[in-house]
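Asks: Okay, sequence plus prediction incoming.
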Amino acid sequence: MSRAGDLFQLLRDGNPWTRAQLAVTTGLARSTVAGKVDLLLNSGLIVSVGEAASSGGRPPSRFAFHAQARTVLAADVGASHVHVALTDLNGDVLAEEREGLPVTAGPEAVLGHVVAAGKRLLAAAHRPDRLLAGVGIGLPGPVEHATGRPVKPPIMPGWDGFDVVGLVQRSLQVPVLVDNDVNIMALGERAGFWPGVDDLLFIKVATGIGSGIISSGELQRGADGTAGDLGHVRVARGEGIVCRCGNIGCLEALASGAAVARSLAASGVAAGSGRDVIELASHGNIAAIQALRQAGRDIGEVLATCVNLLNPSVIVIGGSMAAAGEHIMAGVREVVYHRSPPLATTNLRIVLSRAGGRAAVMGASQLVSQHVLSPAGIEAALAALVAAG
């Protein structure tokens, strides 16, 4: 707790603190605390929020985290869309743009759009580039988190090994953090709606199927960044069904939006996409409702194993197919609660995403905030401020 960056972690709770309270909590001398508070005030990351009640003499000043001191650009790159948002350091969305742009257009076109949209949002919000804390990007494929480079992404031709960070930093000289889209959706959902939950699974059901795993409060990426790839787990009903990955019987080949649509079309129901399936179900089409319920059961088969292994307290179902709501959820719950041991499901909640279409940009913002507001990130920012005079 000897650095200003360490002291700042106490102030991140959003509650007002006095210098005396900080000194008592940290065990530091009041003069030391005062110097660190002054540094943080000069950076704008904390602000004065009035005075505490006096016990005699001049009332002491109180300080709190100022989330609006910096902005973050958060980008959700999907299979067929790009969503760019401008947020504050708490992840609250200030402005956003959505565009139908396929990831197959290639990294230069897609990332060029991200940068251009980000600059438009900054200009419209009258937020100068110098107050931009960083850029967070979610991609629909495996990512080497340390470098931000995609690793053999199956639906992203031209992206394998591409220097995403380098391209963005040609235009925006700030930290750029890149991760798999489902990982950042898990971060966004937890930060926005389940901040007190340390063990959470976020399941994205859309063109593909994947999961973001938060265990003991930390996002789990695995040794090579592929943790949570549920879509390519084999399920019992998949015998003889070929997945786009080349294997047989993958969950994605049975329960993704495209797979459900193909199944219905093969039985004579006009459905060309997951969106069509959801539309049919919303109008009471029995075949579509039954197909969605079965997709939920298939997903539940894999999730029952996850519950046994990871013992989450919350499972969140998100992605475009979550718009099917209780039709998929009923199938998931039916299998998970039947196949998992009672102790693992006594307090388990299986819920639909509350963040919805904003989960990924909220998580991309969190990715940046966690980096720049860490003790090391704060120390670097204060050192740059001192160097600039």
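Replies: That came through fine.
Asks: So what touches the least confident helix or strand in the chain by mean pLDDT?
Replies: Ranked by mean pLDDT, DSSP states H and E, the weakest helix or strand in the chain is strand 46-51, scoring a mean of 84. By CB atoms under 8 Å, 6 or more residues apart in numbering, the residues outside strand 46-51 that reach it are 8, 11, 16, 37, 40-41, 59-66, 69. C-betas here are computed from N, CA, C, even on glycine.
Asks: Mind checking which of these are in strands?
Replies: Mapping these onto strands (DSSP state E) picks out Ser61, Arg62, Phe63, Ala64, Phe65.
Asks: and Tyr337, what does it touch?
Replies: Listed by CB under 8 Å, 6+ apart, the contact partners of Tyr337 are Thr345, Leu348.
Asks: Can you identify the element that follows the helix or strand that contains it toward the C-terminus?
Replies: Element membership for Tyr337 (DSSP states H and E) is helix 326-339. Next along the chain after helix 326-339, taking DSSP H and E as the criterion, comes helix 342-345.
Asks: got the CA positions of that next one in CSV?
Replies: What follows is helix 342-345, C-alpha atoms only, in CSV (Å, rounded to 0.1, in the frame of the first residue of the first chain):
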residue,chain,number,x,y,z
PRO,A,342,-28.2,-31.6,-6.0
LEU,A,343,-25.4,-29.9,-4.0
ALA,A,344,-24.2,-28.2,-7.2
THR,A,345,-27.7,-27.0,-8.2
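Asks: Going by neighbour count, list what's buried in it.
Replies: Ala344, Thr345 (16 or more other CB atoms under 10 Å).
Asks: roughly how far is it from the heart of the chain?
Replies: A distance of 27 Å separates the centroid of the chain from that of helix 342-345, by CA atoms, centre = their mean, to the nearest Å.
Asks: what's across from the residue nearest to Val351 when sequence neighbours are not counted in the sheet?
Replies: Leaving aside its chain neighbours, Val351 sits nearest to Val316 (5.8 Å; criterion: CB to CB, 6 or more residues apart in numbering). In this entry, Val316 is beta-bridged to Phe202, Val351, by DSSP bridges.
Asks: How many residues are close by Val316?
Replies: Counted with other CB atoms under 10 Å, the neighbours of Val316 add up to 28.
Asks: Going forward, the N-terminal residue is numbered 25.
Replies: Happy to do that; since the first residue is 25 now, the last one works out to Val340.
Asks: separation between it and Val257?
Replies: Per CB to CB, to the nearest Å, Val340 is found 18 Å from Val257.
Asks: list the helices and strands the helix or strand Asn332 falls within packs on?
Replies: Asn332 belongs to helix 310-334 when assigned by DSSP H and E. If you count contacts as 3 or more CB pairs under 8 Å, 6 or more residues apart in numbering; DSSP states H and E, helix 310-334 packs onto strand 224-229, strand 233-239, helix 276-279, helix 281-290, helix 298-306, strand 338-342, helix 350-363, helix 366-369.
Asks: Select, out of these, the one closest to His105.
Replies: The closest approach between His105 and any of those, judged by CB to CB, belongs to helix 298-306 at 12.4 Å.
Asks: Give the buried residues for that closest one.
Replies: Neighbour counts over helix 298-306 (16+ other CB under 10 Å) mark Gly298, Asp300, Val301, Ile302, Leu304, Ala305 as buried.
Asks: wait, doesn't the fourth one sit right on Ala347?
Replies: Same thing as Ile302. Yes - under the criterion of CB atoms under 8 Å, Ile302 makes contact with Ala347 at 5.1 Å.
Asks: Show me the shaky parts of the protein.
Replies: By pLDDT under 70, the weakly predicted segments of the chain are 25-26, 75-82, 413.
Asks: ok, now which ones touch Thr42?
Replies: Applying CB under 8 Å, 6+ apart to Thr42 gives the contacts Ala76, Pro84, Ser85, Arg86, Phe87.
Asks: Can you select the buried ones from the residues you listed in PyMOL?
Replies: To isolate the buried ones among the contacts of Thr42 in PyMOL, judged by 16+ other CB under 10 Å, type:
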select buried, resi 85+86+87
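Asks: Right, I'll call it a day here.
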